[in-house]
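In: predicted coordinates and the sequence they were generated for:
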Amino acid sequence: MRLGALEAGGTKMVCAIGDETGKILEQVSIPTKTPEETIPEMIEYFRKAQIEALGIGCFGPIDPNPNSPTYGYITSTPKLAWADCNIVGAFEKALGCPVGFDTDVNGSVLGEVTFGQAKGKSCVIYITIGTGVGAGIYIEGKLLHGMLHPEAGHVMVSRRQGDTYPGKCPYHKNCLEGMAAGPALEERWGRKAVELKDRKEVWDLEAYYIAQALSGYILTLSPEMIILGGGVMHQEQLFPMIRDYVEEMLNGYIKTRQLSDMEHYIVPASLNDDQGIMGALELGRRALREG
Ligand code: ADP
Ligand code: ZN
């Protein structure tokens, strides 16, 4: 099966050709300009590859509801050139093949559940902590949409005593993204995140905020595994700190096999940063199966 995959991001569009086993045969990265410039470039790439279906994991907010008149649109995104862009429609029309569509983070969780460490699990959360914070949720064997799709990077967190940083999210200030995404971290400490590697207090505070959100997700959704990806999570020292804070915050209230084995519960992504593009292949495979 020859499948196309697109991981659509605010700075770059990763386009790949692969198959239903998650194998990536070739891949290119195209800078994200305007839809008028970038969509034809991508169409050209996929047309040449003669794919049978395309899967798109997309930055948002998007409309993933097939019954909605704006299904397949990027909707109210702050990346203004792309607001109200019918991205699915453009590819369907040009390529004439089925197109699967979901958020980038739902794509990533699908990649991990289909091809990675979360295979066989029915309730898994994937969180990216990068330029923004987003969460993909696979629950009871399905990607969660609900009324729109989860925007769990914007849950509020309590400011730690003594932290005077106001928060970077223009909507909420002290939501997780506002307090802990890469740009917030860099603004708070006045340095590039990579240059802060040896500053324990930086990662301690970062872990404190991430753990608050994770504790909320654990209590609400009861995931069997939590996967953390994105640029900031390349700081691997964060993992043990986050696990310790989650344990402290839950304070023994829930007792499960998974929570007693934190090292295998809160984990890094397992697919070499290909979870998003591999998940998009699976979105394409599903679109083909569903016609
Ligand atoms: P995006 O979210 O745009 O897809 P990334 O997930 O790579 O991209 O996130 C980029 C952000 O992650 C940057 O703003 C930077 O603050 C942070 N970042 C990137 N690499 C690292 C790293 N090695 N360590 C810590 N933070 C990083
Ligand atoms: Zn916010």
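Out: Nice, I can see it. Ligands and ions are numbered 1, 2, ... in the order given.
In: show me what contacts the spatially most central residue of the chain?
Out: Compute the mean C-alpha point of the chain, and by CA atoms, centre = their mean the closest residue is residue 105, 2.4 Å away. Neighbouring residues of residue 105 by CB atoms under 8 Å, 6 or more residues apart in numbering: 57, 126-128, 134-136. Glycine gets a C-beta too; all of them are placed from N, C-alpha and C.
In: would you mind giving those as a markdown table with pLDDT and secondary structure added?
Out: What follows is these, written out as a markdown table (pLDDT from 0 to 100; DSSP: H, G, I helix; E, B strand; the rest coil):
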| residue | pLDDT | secondary structure |
| --- | --- | --- |
| 57 | 98 | strand |
| 126 | 98 | strand |
| 127 | 98 | strand |
| 128 | 98 | strand |
| 134 | 97 | strand |
| 135 | 98 | strand |
| 136 | 98 | strand |
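In: now the residue nearest to the centre of the chain: how far from residue 126?
Out: 6 Å (CB to CB, to the nearest Å).
In: overlap of the contact sets of these two?
Out: Looking at what touches both residue 105 and residue 126 (by CB under 8 Å, 6+ apart), the common residues are 135-136.
In: count of residues packed around residue 96?
Out: 8 (other CB atoms under 10 Å).
In: where's it relative to residue 70, distance?
Out: Taking CB to CB, one finds residue 96 at 22 Å from residue 70.
In: before we move on, what about residue 133?
Out: 25 Å.
In: comparing those two, which residue is more hemmed in?
Out: residue 133 (29 against 13).
In: tell me what that one is bridged to.
Out: residue 129 (DSSP bridges).
In: what's residue 276 in contact with, if anything?
Out: 7, 14, 57, 104, 107-108, 111.
In: show me what contacts the residue of the stretch 1-150 of the chain at minimum distance from ligand 2?
Out: At 8.5 Å from ligand 2, residue 133 is the closest residue in the stretch 1-150 of the chain, using CB to the ion. By CB under 8 Å, 6+ apart, the contact set of residue 133 is 127, 153-154, 176-177, 180-181, 213, 230.
In: of these, which pair is most distant in space?
Out: Greatest spacing in those, by CB to CB: 154 and 230 (15.0 Å).
In: returning to that earlier point: I'd like the contacts of residue 133 laid out as a markdown table, including neighbour count and secondary structure.
Out: Listed next are the contacts of residue 133 as a markdown table, based on neighbours: other CB atoms under 10 Å; DSSP: H, G, I helix; E, B strand; the rest coil:
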| residue | neighbour count | secondary structure |
| --- | --- | --- |
| 127 | 27 | strand |
| 153 | 23 | helix |
| 154 | 18 | helix |
| 176 | 28 | helix |
| 177 | 29 | helix |
| 180 | 26 | helix |
| 181 | 26 | coil |
| 213 | 26 | helix |
| 230 | 22 | coil |
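In: within reach of ligand 1, which of those are there?
Out: residue 230 (CB under 6 Å from any ligand atom).
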